[in-house]
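Enquirer: need coordinates for the following:
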Amino acid sequence: MEKEENLKQETTENETSNEEVKEEVSKNIEEENNSSKEISPEEKIKELEDKLIRTFAEMENQRRRFEKEKEDAFEYGGYAFAKEALNLIDNLERSKLVLQSDEVLKDTEALKKTLEHLDIINKDLISIFTKNNIKPIDSINKKLDPNFHQAMMEIEDDAKEPGTIIQEIQKGFMIKDRLLRPSLVAVSKKTEKKDEKSEENKENSSEN
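Expert: Numbering: from 1, shown residues only. Have a look, this model is predicted:
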């Protein structure tokens with residue numbers, strides 16, 4: 001009896017093993033059939049055309065990027081140098097202010113000639129910058145434009161429309177169509193009435 005049971009068990013195991021082998025073989029055959037499935041000539045041509053189109057598109061994008069980088073390097077290669085060179089104009093303006101406020105030199109012929117020479121140097125610098133497409137930004141009597149101007153203070157002036165530039169603290173410059181530095185300016189605002197100021201003071205004191 002025991003031998004018969006062992007025989008039956010071995011027979012069952014063999015049948016299971018054979019089934020697994022058959023399944024594995026069928027699976028391999030199916031994979032081979034799928035992988036060996038032939039592509040028609042039309043499909044091959046279509047695939048090659050797609051690859052060519054993608055390749056040419058990538059080449060064109062790279063060419064455009066290269067042209068843009070080359071153009072920027074040519075047009076704005078001196079951007080950093082130009083920005084540093086503006087310090088010359090700033091220093092000339094500061095020197096003029098220092099000399100004009102000197103009580104010893106005030107109203108002297110020496111001061112007058114010195115200021116004239118400084119003005120000539122300033123005009124020469126502006127001329128050199130302009131020839132190299134570096135131009136000052138017009139500010140006085142213009143409306144404040146955040147793209148070109150930076151407001152540093154407000155000054156009461158009823159003769160001007162609020163937001164009008166009435167004083168230039170530091171001149172701004174463009175290099176071609178790119179901002180080199182903004183103009184630092186003072187803009188006009190309406191004069192506050194004394195009654196309004198007193199009301200504001202009362203409100204502030206009551207809150208405190």
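Enquirer: quick one: name whatever helix or strand follows the helix or strand hosting residue 83.
Expert: In this assignment (DSSP states H and E), residue 83 forms part of helix 79-100. Later in the chain than helix 79-100, the nearest helix or strand by DSSP H and E is helix 109-131.
Enquirer: what comes into contact with that next one?
Expert: The contact list for helix 109-131 (C-beta atoms under 8 Å, 6 or more residues apart in numbering) reads 82, 85, 88-89, 92-93, 95-96, 99-100, 102, 105, 135-136, 173. Quick note: C-beta positions are derived from backbone N, CA and C, even for glycine.
Enquirer: between these, which has the most around it?
Expert: Of all the contacts of helix 109-131, the most densely surrounded is residue 173 (21 neighbours; neighbours counted as other C-beta atoms under 10 Å).
Enquirer: that residue and residue 167: what is the separation?
Expert: Here the criterion is C-beta to C-beta, to the nearest Å. By it, residue 173 lies 18 Å from residue 167.
Enquirer: repeat that for residue 186.
Expert: Distance of residue 186 to residue 167, given as C-beta to C-beta: 4 Å.
Enquirer: tell me which of those two has more neighbours.
Expert: Using other C-beta under 10 Å, the more surrounded residue of residue 186 and residue 167 is residue 186, with 18 against 15.
Enquirer: hang on, that one is in a strand, isn't it?
Expert: Yes. Counting by DSSP: H, G, I helix; E, B strand; the rest coil, residue 186 is found in a strand.
Enquirer: look up the residues forming beta bridges with it.
Expert: residue 153, residue 167 (DSSP bridges).
Enquirer: and it, what does it touch?
Expert: Residue 186 neighbours (C-beta under 8 Å, 6+ apart): 151, 152, 153, 154, 155, 165, 166, 167, 169.
Enquirer: skipping its backbone neighbours, what lies nearest the last one in space?
Expert: Among residues not flanking residue 169 along the chain, residue 184 sits closest, at 4.2 Å (C-beta to C-beta, 6 or more residues apart in numbering).
Enquirer: fine by me, we can end here.
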